[in-house]
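Colleague: Structure of the sequence below:
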Amino acid sequence: MEKKFLQLIPLCLMLALLAGGCAETKQAEVVAAPAAVQQEPTVYEGEINGVSERAKSISIMVGKGDQAKAMMVKFDEKTKGVNQAKKGVAAKITYEMRGSEAYATEFQLKLAKLPAGVTEIKTPELQQLISDKAKIFLVDSRPAARFNQSHLPGAHAIPVPLLEEKQAAVLPKEKDTPLVFYCGGPT
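Modeller: Predicted coordinates for the structure are as follows:
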C-alpha cells in the first residue's frame, strides 16, 4: 500500500504545479467584470388604446390586421413625452425591461412622413400667406363636418376620401399654384 501511495506523489505534485505552483505564491489577478451588454432600444409603434394615470400605464395596439395585439407599458416620472399620450393617436414608445415589466423611457407622436418634393410650412408662415392674400390653393383635408364647424379663410373642403377618389380633378387646373394642405393633427 505504501508503494502505491509513493507512486501517487509525483502525480499529485504535477497537478499542484499545473493548478498554480507550490513554491511561488501568485498574487490574484483583478479581472474587470465585462461591461454591461448594450441592448438595442426596444420600441412599440402603433395606436394608443388607452392611458391610465392611476395605473401609470399605456395600452398600445402593435401590428396590423390579424397580427395586431395590445401591449401594456408602464410609465413613471422619468418617462419623456408621456403627457402627449392620448387614446387614438399614433405613437412610438421606447421602453426598457425592469424585471418582467416594460417601462416607457420615451413617448413620441408618430407623425406622417412627407413625400419627396413636399415641404412643410409652419403656422406663422401660413398665417402670413393668408394675410398677404398670396396665390395659394388651401385645402382643409378634415371631414366635412369639421370643416363646417370652422376652417381657415379661403380654404377648400377636400376630405381625404374625396381626394383619393377624385385625385387631380379636385385640385386647381393651374399647375403653378402652390397647394397647402392642413388637417386636424400635428403633421
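Colleague: In the sheet, which residues pair with the residue most central in space within the chain? Tell me.
Modeller: Using Cα atoms, centre = their mean, the residue of the chain that lies closest to the mean C-alpha position is residue 92, 2.8 Å off. Partner residues in beta bridges with residue 92: residue 45, residue 108, with DSSP bridges as the criterion.
Colleague: ok, now residue 70?
Modeller: Under the criterion DSSP bridges, residue 70 forms beta bridges with residue 61.
Colleague: Quick check: it touching residue 61?
Modeller: Yes. At 5.6 Å, residue 70 and residue 61 qualify as touching, with contact defined as Cβ atoms under 8 Å. The C-beta positions use only the backbone N, C-alpha and C, and glycine is treated the same way.
Colleague: Quick check: buried residues in stretch 173-184?
Modeller: Within stretch 173-184, the residues scored as buried using 16 or more other Cβ atoms under 10 Å are 180, 182.
Colleague: Run the chain-centre distance for it.
Modeller: In terms of Cα atoms, centre = their mean, to the nearest Å, the centre of stretch 173-184 is set 31 Å apart from its chain centre.
Colleague: can you give me the mean pLDDT across it?
Modeller: For stretch 173-184, the mean pLDDT works out to 82.
Colleague: any weak-confidence spans in the protein?
Modeller: Within the chain, the stretches falling below the threshold (pLDDT under 70) are 1-41, 114, 185-187.
Colleague: one more time with 80, if that's ok
Modeller: For the chain, the stretches flagged by pLDDT under 80 are 1-41, 111-120, 163, 166, 168, 170, 182, 184-187.
Colleague: How is it divided into domains?
Modeller: What automatic domain parsing lists as the domains of the chain is 42-109, 123-182.
Colleague: can you tell me which of those comes nearest to residue 117?
Modeller: domain 123-182 (11.5 Å; Cβ to Cβ).
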